[in-house]
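Asker: Quick one, what's the 3D model for this:
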Amino acid sequence: MNRLVRLLGAAIVLVVIAAGGWWLTGAGVAASPPASGDNETDPAARQTVAVERNTLTVTDDFDATLRFAGDYDVLGSLSGILTRTVPVGRTVKAGQWLYETDGRVKTSLMVGKRPAWRDMGSGVDDGADVLQLEQNLKKLGFTRKGFTTDRHWDAHTTAAVKRWQRKAGLPVDGTVELGEVVFLPEAIRVTGIDAPLGSMVGQGGPVMSGSSTRRVVSLDIDVDDGELFEPGTPVQVELPDGSSVAGSVASVGRVAETASDQQGNTSTTLPVTITLDDPTAAGDLDQAAVTVTLVISSRENVLTVPVNALLALREGGYAVEVVDGGAAGNAPAASPVATSPDGSATPDGLQTHLVRVEPGLFDNGNVEITATGIEPGDLVVVPS
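Answerer: Numbers count the residues shown, from 1 in each chain. Here you go, the predicted structure:
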């Protein structure tokens with residue numbers, strides 16, 4: 001059962017409660033009066049409201065977490081004693097150093113999808129690692145006229161590497177030894193140091209971990225709700241301070257995950273990732289609990305009445321009690337009405353009749369109705 005059906009089912013229960021014990025017979029012909037002394041349905045305690053034309057929207061809230069996307073591990077390749085690292089929380093961009101060994105050799109970040117696997121310098125075979133390095137050198141502004149970005153190392157590549165090394169405070173030798181550069185897909189925000197200062201690093205051992213600098217909201221949804229979270233679907237994200245920021249669904253996982261709680265109940269969920277339209281609105285928050293609000297369904301320009309105007313018919317379905325000739329311009333919208341569903345005159349001279357309606361969406365105490373013979377401005381009876 002999807003979430004919209006569950007929400008509407010809950011709303012129908014509220015309608016039955018709001019009916020205040022009125023069980024009506026016939027298609028708007030007669031009604032069984034409430035028991036004597038029932039204040040909630042006492043005719044003298046009821047009022048009228050005008051039928052309106054509105055837009056109704058059904059939303060639902062989901063618990064989620066605001067975090068930084070991506071998880072990256074920085075592995076050592078140059079053997080040496082770890083003597084310095086950038087602090088946790090620091091953002092490291094292409095061309096900037098990550099950590100230092102032996103008090104002098106810095107390992108720097110470059111952007112690329114292929115990890116470094118060899119020394120690079122004059123005479124090295126063409127390869128994807130050379131291309132990635134040259135792309136970074138050009139973007140960082142260390143290239144000059146005659147430089148070409150390709151898989152081939154030439155004199156222009158050596159000159160550009162020396163300019164970068166000089167700027168970065170590295171030994172200026174025009175070569176890049178394995179371990180002096182770490183290729184990662186993007187700039188990272190350092191989230192942890194995995195090796196203590198003074199320890200030996202290298203040979204593929206972990207040095208530090210990080211995430212991307214991109215803010216995302218993550219949540220797990222029931223498999224049945226997967227159809228609600230299509231990529232591109234707009235949402236609102238409520239932050240811990242109560243403010244809201246717009247966002248949209250970036251992706252929905254295709255592999256369901258099953259988990260069990262301590263009572264043995266199992267749930268099957270899909271992971272959802274949401275991006276914020278304005279990531280800066282989240283400030284410095286990380287791993288923060290947030291609420292995602294999603295529009296489940298919406299109806300525009302529909303007839304609406306308060307939900308407690310609905311009366312449950314004994315044979316099934318619903319009706320509203322309409323004031324005869326009671327357009328909004330003919331009677332006060334809040335005037336008490338002593339109703340008489342059989343059509344007899346009331347003490348204040350008004351007459352009413354029942355009209356069968358088909359309920360639609362429920363929104364903030366109002367309900368969409370479809371009916372024949374009801375127009376905007378008509379007056380219907382509600383409990384006060």
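Asker: CA atoms for contacts and neighbours, from now on please.
Answerer: Noted.
Asker: what's the burial count for the nearest residue to Gln287 once chain neighbours are set aside?
Answerer: Closest residue in space to Gln287, ignoring its immediate chain neighbours: Arg67 at 4.8 Å, by CA to CA, 6 or more residues apart in numbering. Applying other CA atoms under 10 Å, we find 21 residues neighbouring Arg67.
Asker: Which parts of the stretch 251-384 of the chain are strands?
Answerer: Taking DSSP state E, counting those that start in this stretch as the criterion, the stretch 251-384 of the chain carries its strands at 257-260, 266-276, 288-306, 311-313, 318-327, 352-363, 366-370, 378-383.
Asker: scratch that, the stretch 1-150 of the chain is what I was asking about
Answerer: Assigned by DSSP E, counting those that start in this stretch, the stretch 1-150 of the chain shows strands spanning 23-25, 30-31, 46-50, 52-68, 72-75, 80-85, 91-92, 97-101, 105-111.
Asker: which stretch among the ones you listed comes nearest Val223?
Answerer: Among these, the nearest to Val223 by CA to CA is strand 52-68 (13.8 Å).
Asker: roughly how far out does the closest one sit from the chain middle?
Answerer: Offset of strand 52-68 from its chain centre (CA atoms, centre = their mean, to the nearest Å): 9 Å.
Asker: got it, and stretch 158-172?
Answerer: That offset, for stretch 158-172, works out to 44 Å (CA atoms, centre = their mean).
Asker: ditto for stretch 261-277
Answerer: For stretch 261-277, the distance to the chain centre is 13 Å (CA atoms, centre = their mean).
Asker: Buried residues in that stretch, which are they?
Answerer: For stretch 261-277, a neighbour-count test (16 or more other CA atoms under 10 Å) marks Thr269, Leu270, Pro271, Val272, Thr273, Ile274, Thr275, Leu276 as buried.
Asker: show me the contacts for the residue nearest to Gln287.
Answerer: Going by CA atoms under 8 Å, 6 or more residues apart in numbering, Arg67 touches Arg215, Val216, Val217, Ser218, Leu285, Asp286, Gln287, Ala288.
Asker: and the second one, how many neighbours?
Answerer: One way to gauge burial is a neighbour count; for Val216, by other CA under 10 Å, it gives 21.
Asker: same deal with the third one?
Answerer: Burial of Val217, expressed as a neighbour count using other CA under 10 Å, amounts to 26.
Asker: contact partners of the helix or strand where it lies?
Answerer: Using DSSP states H and E, Val217 falls within strand 215-222. Contacting residues not belonging to strand 215-222 are listed as 62-69, 267-276, 279 [CA under 8 Å, 6+ apart].
Asker: sorry, back to before: let me have the strands of the stretch 251-384 of the chain in TSV, adding mean pLDDT and distance to Leu178 as columns.
Answerer: What follows is those, written out as TSV (pLDDT from 0 to 100; distance: least, CA to CA, whole Å):
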stretch	mean pLDDT	distance to Leu178
strand 257-260	81	39
strand 266-276	92	35
strand 288-306	93	38
strand 311-313	93	78
strand 318-327	86	76
strand 352-363	92	62
strand 366-370	94	68
strand 378-383	90	79
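Asker: just for the stretch 1-150 of the chain, where's the confidence low?
Answerer: By pLDDT under 70, the weakly predicted segments of the stretch 1-150 of the chain are 1-46.
Asker: quick one: buried residues of stretch 278-296?
Answerer: Buried, per 16+ other CA under 10 Å, within stretch 278-296: Ala282, Ala289, Val290, Thr291, Val292, Thr293, Leu294.
Asker: Identify all contacting residues around that stretch.
Answerer: Counting by CA under 8 Å, 6+ apart, 4, 57-68, 214-215, 228, 234-240, 245-247 sit against stretch 278-296.
Asker: Report the distance from it to the chain centre.
Answerer: With CA atoms, centre = their mean, you get 7 Å for stretch 278-296.
Asker: circling back to that earlier point, okay if I get the strands of the stretch 251-384 of the chain as TSV plus distance to Gly127?
Answerer: Compiled in TSV, those are given as follows (distance: least, CA to CA, whole Å):
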stretch	distance to Gly127
strand 257-260	39
strand 266-276	35
strand 288-306	42
strand 311-313	76
strand 318-327	74
strand 352-363	61
strand 366-370	65
strand 378-383	78
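Asker: Out of the ones you listed, which is closest to Gly146?
Answerer: Nearest of the strands of the stretch 251-384 of the chain (CA to CA): strand 266-276, 40.8 Å.
Asker: Parallel or antiparallel, list what pairs with that closest one.
Answerer: Take DSSP bridges as the rule and strand 266-276 pairs in its sheet with strand 215-222 (antiparallel), strand 244-252 (antiparallel), strand 257-260 (antiparallel).
Asker: got the contact list for the longest one?
Answerer: If I follow you right, that is strand 244-252. Outside strand 244-252, the residues touching it (CA under 8 Å, 6+ apart) are 226, 229-239, 270-278, 281.
Asker: any idea how the protein splits into domains?
Answerer: Domain ranges of the chain: 3-59+299-383, 61-68+215-295, 72-211, per automatic domain parsing.
Asker: Show me which pair in the contacts of Arg67 is furthest apart.
Answerer: Ser218 and Leu285 (13.7 Å).
Asker: Report the spatially nearest residue to Gly127, omitting neighbours in sequence.
Answerer: Arg151 (5.0 Å).
Asker: neighbours around that neighbour, how many?
Answerer: By other CA under 10 Å, the residues close to Arg151 number 17.
Asker: so how far is Glu134 from it?
Answerer: Distance, Arg151 to Glu134, using CA to CA, to the nearest Å: 8 Å.
Asker: Isn't Pro206 up against Leu75?
Answerer: Yes - Pro206 is in contact with Leu75 according to CA atoms under 8 Å; the separation is 4.5 Å.
Asker: which neighbours do those two share?
Answerer: Residues touching both Pro206 and Leu75 by CA under 8 Å, 6+ apart: none at all.
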